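Visitor: For reference, the sequence and a predicted model appear below.
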Amino acid sequence: MADIAFIGLGNMGGPMAANLVKAGHRVIGFDPVPQAVEAARGKGIEIAESAGEAASQAEVVFSMLPAGQHVRAVYSGAGEVIAKAKPGTLFIDSSTIDVASARAVEEAASAAGHLMVDAPVSGGVAGAEAGTLTMMVGGSDAAFDMAKPFLEIVGGKVVHAGGPGNGQVAKVCNNMILGISMIAISEAFTLAEKLGLSPEKLFEISSTASGSCWAMLNHNPVPDIVPTSAANRGYVPGFAAGMMHKDLKLSQEAAAQAGVATPMGAEATALYTMFVNAGRADQDYTAIIKFIDPTRE
C-alpha cells in the first residue's frame with residue numbers, strides 16, 4: 001500500500017480520495033475549504049496543513065483543482081509540491097485545465113526528477129463516488145505505467161492518450177463535441193415540436209437513424225424521454241452548465257494556440273457564455289434547451 005497525498009478535496013477530489021482509502025492506501029489530504037476538510041476527515045483521510053506538507057509525506061500526489069493557475073501555483077509556486085516532494089514522486093493531476101499549463105507543470109516536474117501525468121476525468125460526482133470515472137491520461141509510457149494502478153482505483157476506464165498534455169487535449173475535444181451536440185439536439189427537438197412532431201416520436205425515429213448520438217440517447221434535454229437525463233429532475237446538474245462553459249472556453253484557447261478554426265465550437269462557447277451569464281451556471285448543461293426555447297420555462 002502507498003502513501004498518497006491528495007490536493008483538492010472538493011466535490012470530485014473528496015470522493016476520489018475516499019476511494020483510495022477504501023482500497024487500503026494511506027491518504028494525506030489538503031484543501032483550503034474547512035467544510036471539504038471535515039468531510040474528508042470523516043472518510044478516513046488524514047489532513048495536512050499545506051499542499052507541500054502533504055506531498056512531503058507521499059510517494060504519489062493526486063491533485064484536483066479548479067484551473068491552470070491553481071495547478072501551476074500548487075506544483076511550482078507557493079504550494080511547493082515539486083520542491084517538497086520526495087525524489088521520484090509520481091504526480092497525477094486530474095484537474096481539467098489548459099493544455100499549456102499541463103505541459104508546463106509536467107516539464108517542471110520532469111526537470112526535478114519526478115514522473116507526472118495529466119489525467120482529467122469524465123463522469124461527474126456520481127462517477128467519482130462510484131469509482132467509475134473515465135480517465136484520459138497524458139504522459140510518458142513510464143509515467144502512465146506507474147500511475148495506472150492508482151487511476152484504476154478511482155476510474156472505471158483508463159486510457160493513455162499519449163504524451164504530456166494529451167489527457168487535457170482529449171478532455172476538451174470530447175467536451176466540445178458534447179456541447180455542440182447538446183445544442184444541435186436542443187434545436188432539433190424544439191423545431192420538431194413547433195412543427196407538430198412530438199419529442200417522443202422524434203426520439204423513436206432519430207435514436208435509430210443517422211441523427212443518433214450519445215448525448216441524445218443518454219442526456220436528452222426533453223423531460224421523460226430517457227431515464228438518465230437531468231431534464232427529468234428539473235435540470236439539477238449531473239454536469240453543470242458552468243462546467244461545460246469552462247471546458248468550451250478551454251477548447252477555444254487550445255484552438256487559438258494551435259491555429260485551428262473551430263466555428264461550431266466557438267458558437268457553442270458563445271451560447272453557453274450567454275446562458276451562464278444569465279445566471280444558469282448551476283443548472284445542468286442540458287438546460288440550454290430552455291435558452292433556445294424560452295417557452296419551456
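Guide: Yep, it's here.

Visitor: Three-state assignment for the nearest residue to residue 109 once chain neighbours are set aside, please.
Guide: Ranked by CB to CB, 6 or more residues apart in numbering and with sequence neighbours excluded, the top spatial neighbour of residue 109 is residue 116, at 4.1 Å. Just so you know, the C-beta spots here come from the backbone N, C-alpha and C atoms, and that holds for glycine as well. Of the three states, residue 116 takes strand under DSSP: H, G, I helix; E, B strand; the rest coil.

Visitor: List the residues that contact residue 116.
Guide: Neighbouring residues of residue 116 by CB atoms under 8 Å, 6 or more residues apart in numbering: 90-93, 105-106, 109-110, 139, 143, 164.

Visitor: What about those residues, which are in helices?
Guide: 105-106, 109-110, 143 (DSSP state H).

Visitor: Quick one, which of the residues you listed are buried?
Guide: Neighbour-count burial (16 or more other CB atoms under 10 Å) applied to these gives 105-106, 109-110, 143.

Visitor: okay, those residues in a markdown table with distance to residue 203 next?
Guide: Below are these laid out as a markdown table (distance: CB to CB, whole Å):
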| residue | distance to residue 203 |
| --- | --- |
| 105 | 44 |
| 106 | 43 |
| 109 | 47 |
| 110 | 49 |
| 143 | 43 |
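
Visitor: Now flag whichever of the residues you listed is closest to residue 208.
Guide: For those, the residue nearest residue 208 by CB to CB is residue 143; the value is 42.1 Å.

Visitor: Pretty sure the closest one sits against residue 89.
Guide: No. Look at residue 143 against residue 89 with CB atoms under 8 Å: they stay out of range, at 11.4 Å.

Visitor: re the thing from before, what's opposite the residue nearest to residue 109 in the beta bridge?
Guide: Counting by DSSP bridges, residue 116 forms beta bridges with residue 91.

Visitor: Next, work out how far apart residue 52 and residue 84 are.
Guide: Residue 52 is 4 Å from residue 84, where distance means CB to CB, to the nearest Å.

Visitor: Show me which of these two is the more surrounded one.
Guide: A count of neighbours by other CB atoms under 10 Å puts residue 52 above the other of residue 52 and residue 84, at 20 against 17.

Visitor: what about stretch 267-283, how long is it end to end?
Guide: 20 Å (CA to CA, to the nearest Å).

Visitor: what sits up against it?
Guide: Against stretch 267-283 from outside (CB under 8 Å, 6+ apart): 176, 179-180, 183, 235-237, 240-242, 244-245, 248-249, 251-252, 285, 287-288, 291.

Visitor: Name the SS class of residue 252, please.
Guide: Three-state assignment for residue 252 (three-state DSSP): helix.

Visitor: contacting residues around it?
Guide: Going by CB under 8 Å, 6+ apart, residue 252 touches 262, 265-266, 269.

Visitor: could those residues go into TSV alongside pLDDT, neighbour count and distance to residue 171?
Guide: As requested, those are exported to TSV (pLDDT from 0 to 100; neighbours: other CB atoms under 10 Å; distance: CB to CB, whole Å):
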residue	pLDDT	neighbour count	distance to residue 171
262	98	19	15
265	98	22	14
266	98	16	18
269	98	23	15
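
Visitor: what's the closest of those to residue 197?
Guide: The closest of the contacts of residue 252, once distances to residue 197 are taken by CB to CB, is residue 265, at 28.7 Å.

Visitor: I figured that closest one was touching residue 174, is that so?
Guide: No. In this structure residue 265 lies outside contact range of residue 174 using CB under 8 Å: 11.9 Å.

Visitor: can you pull out the helices in the stretch 101-250 of the chain?
Guide: Here the stretch 101-250 of the chain has its helices, by DSSP state H, counting those that start in this stretch, at 124-130, 141-154, 166-194, 199-206, 214-218, 241-258.

Visitor: Residues touching the first one, excluding its own?
Guide: In this structure, residues lying in contact with helix 124-130 by CB under 8 Å, 6+ apart are 11-12, 14-16, 19, 121, 133-134, 154, 156, 238-239.

Visitor: make it 7 Å
Guide: When contacts are defined by CB atoms under 7 Å, 6 or more residues apart in numbering, helix 124-130 is touched by residues 11-12, 15-16, 133, 238-239.

Visitor: give the contact list for the nearest residue to residue 39 once chain neighbours are set aside.
Guide: Computed as CB to CB, 6+ apart, the closest residue to residue 39 that is not its neighbour in sequence is residue 14, at 5.8 Å. Contacts for residue 14 (CB under 7 Å, 6+ apart) come out as 36, 39-40.
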